[in-house]
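Asks: I need the structure of the sequence given here:
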Amino acid sequence: LIDAMEKAGWVQAKAARILGLTPRQVGYALRRHGIKLKQF
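Replies: Next comes the predicted model:
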């Protein structure tokens, strides 16, 4: 999940496409695992 987020530049929608999930599922997984979004 973190690897996909880094490849997508921490954009949930792009990471979702990489993983074959919906952006909502990615957001849920990030919260479930306690992964904080990097702020730019």
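Asks: so how far is Pro23 from the closest residue to Leu19 other than its chain neighbours?
Replies: Nearest residue to Leu19, sequence neighbours excluded (Cβ to Cβ, 6 or more residues apart in numbering): Ala4, at 5.1 Å. From N, CA and C alone the C-beta is placed, and that goes for glycine too. Going from Ala4 to Pro23 by Cβ to Cβ, to the nearest Å gives 12 Å.
Asks: what's next to the top helix by length along the chain, contact-wise?
Replies: The residue-count maximum for a helix in the chain (DSSP state H) belongs to helix 23-32. Under the criterion Cβ atoms under 8 Å, 6 or more residues apart in numbering, residues Leu1, Met5, Gln12, Ala13, Ala15, Ala16, Leu19, Leu21, Leu37 lie in contact with helix 23-32.
Asks: host element of the fourth one?
Replies: Spelled out, it's Ala13. Per DSSP states H and E, Ala13 falls inside helix 12-19.
Asks: so what's the gap between that helix and the chain middle?
Replies: Counting by Cα atoms, centre = their mean, to the nearest Å, helix 12-19 is centred 6 Å from the centre of its parent chain.
Asks: helices or strands up against that helix?
Replies: In terms of contacts (3 or more Cβ pairs under 8 Å, 6 or more residues apart in numbering; DSSP states H and E), helix 12-19 is packed against helix 2-7, helix 23-32.
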